[in-house]
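>>> show me the folded form of this:
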Amino acid sequence: MVTQEQRKRQLAREKFLRQQQRRTEARRKARVRNSVIASVLGVVVIGSLALYTTGVLKNDDKSDASPQASPSASAPSKAPDPCEKAAKGSVEKLSWKKEPAMTIDESAKYTMKLATTCGDIDIALKASAAPHTVNSFDFLAGKGYFDHTKCHRLTTNGIYVLQCGDPTGSGSGGPGYTIPDENLKDKSLKNNVYPAGTVAMANTGQKHTGGSQFFLVYQDSQLPPSYTPFGTVSASGMKVLKKIAAAGESTGAGDGAPNATVVIDRATVTKS
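Here you go, the predicted structure:
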């Protein structure tokens, strides 16, 4: 005969076991999710002073929304390319041994224009909050480093970004030097969300490993605050990003080369 007290203890044990099972499953899903996000923004440097990947993103959020992509059985048919042909010219192979000397005026306003095959993307830069990053982009743009480079990666599942800034177009390139992390407590970053319109640096997942690769967020994306936010895309630039995103990516799994031909014909940084 089972007493009432024994029955209560049995029910309590069963409840505890159910909770443990749910927690174990949640941790398993989190590991899968984190590995997927790491592959989304991760890039690997070979034969360089720095590694320019976004690294493993350790996001332990308990949200049920999972960024895991489910590969389709067959590659989807491509949407029409919404972009124009790239301007004539080729990428210059440029590299430097150390971060350029600081030359920007941190109190001034700077704007970066990416004249792309899909339209102009204007970015208001945060010189006072991220001076090393803005100074590096001012230097690189002035040297023509970004001209004729492809934006090599688009993510459409879990996180929503267009990644650019690699002259090799493979995700393995960089300028030969690294810059420090900055502005990681930007007031725009709330609840581990990089809001649409944010422009931020890619990195290895380790501190102070930014190079030249950056990503433009076209839809709010949940990421840990580990990627230097250094600019904000204009309203007209957001329309260009949305157009690129609407064309999709090449794998159908949420992470691949953009179907749109996104080439930065020219990048310029202007002080105002």
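>>> grab the longest strand from the chain for me.
For the chain, the strand with the greatest residue count under DSSP state E is strand 263-271.
>>> distance from the chain centre to that strand, please.
Distance of strand 263-271 from the chain centroid (C-alpha atoms, centre = their mean, to the nearest Å) equals 19 Å.
>>> and stretch 197-208, by the same measure?
When distances are taken as C-alpha atoms, centre = their mean, stretch 197-208 is centred 7 Å away from the chain's centroid.
>>> buried residues in it, which are they?
197-205 (16 or more other C-beta atoms under 10 Å). For every residue, glycine as well, the C-beta is placed using N, CA and C.
>>> also stretch 235-250?
Under the neighbour-count criterion of 16+ other C-beta under 10 Å, stretch 235-250 has 237-238, 240-241, 243-245, 247-249 buried.
>>> distance to Phe139 for those - can I get that in JSON lines?
Shown next, in JSON lines, are the buried residues of stretch 235-250 (distance: C-beta to C-beta, whole Å):
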{"residue": "Gly237", "distance to Phe139": "22"}
{"residue": "Met238", "distance to Phe139": "26"}
{"residue": "Val240", "distance to Phe139": "25"}
{"residue": "Leu241", "distance to Phe139": "25"}
{"residue": "Lys243", "distance to Phe139": "30"}
{"residue": "Ile244", "distance to Phe139": "26"}
{"residue": "Ala245", "distance to Phe139": "29"}
{"residue": "Ala247", "distance to Phe139": "32"}
{"residue": "Gly248", "distance to Phe139": "34"}
{"residue": "Glu249", "distance to Phe139": "31"}
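>>> now do the same for the residue positioned nearest the centre of the chain: its pLDDT.
With distances taken as C-alpha atoms, centre = their mean, Phe215 lies nearest the centre of the chain, 4.0 Å away. Phe215 carries a pLDDT value of 98.
>>> same thing with the one 5 residues further on?
Among the per-residue scores, Asp220 holds a pLDDT of 98.
>>> and it, what does it touch?
Contact analysis of Asp220 by C-beta atoms under 8 Å, 6 or more residues apart in numbering lists 160, 193-196.
>>> which one (most neighbours) among the residues you listed?
Among the contacts of Asp220, Tyr194 has the most neighbours (other C-beta atoms under 10 Å), with 26 neighbours.
>>> give me phi/psi at it?
The phi and psi values for Tyr194, taken as degrees, to the nearest 10, are phi -90, psi 110.
>>> you'd agree it is up against Leu223?
Yes: look at Tyr194 against Leu223 with C-beta atoms under 8 Å: they come within range, at 5.2 Å.
>>> need the strands for this structure, in chain order.
Counting by DSSP E, the strands of the chain are 110-116, 119-125, 149-150, 153-155, 161-164, 193-194, 198-201, 214-217, 221-222, 229-233, 255-256, 263-271.
>>> nearest to Ala79, out of the ones you listed?
With C-beta to C-beta as the criterion, Ala79 lies closest to strand 153-155 of the strands of the chain, at 12.1 Å.
>>> which other helices and strands contact the closest one?
Counting contacts by 3 or more C-beta pairs under 8 Å, 6 or more residues apart in numbering; DSSP states H and E, strand 153-155 is packed against helix 4-41, strand 161-164, strand 255-256.
>>> rerun that using 6 Å as the cut-off
Strand 153-155 sits against strand 161-164, with contacts defined as 3 or more C-beta pairs under 6 Å, 6 or more residues apart in numbering; DSSP states H and E.
>>> paired strands for the strand it packs on, with orientation please.
Here strand 161-164 is paired, per DSSP bridges, with strand 153-155 (antiparallel), strand 214-217 (antiparallel).
>>> what's the closest of those strands to Asp138?
Of all these, strand 214-217 sits nearest to Asp138, with 13.6 Å by C-beta to C-beta.
>>> quick one: contacts of that closest one?
The contact list for strand 214-217 (C-beta atoms under 6 Å, 6 or more residues apart in numbering) reads 161-163, 165, 194, 196, 198-202, 241.
>>> tell me which two of those residues sit farthest apart.
Gly165 and Ala196 (19.2 Å).
>>> point out where this structure drops to low pLDDT.
Residues of the chain that meet the criterion pLDDT under 70 lie in 1-78.
>>> check contacts around Pro175.
Counting by C-beta under 6 Å, 6+ apart, Pro175 touches 96, 211-212.
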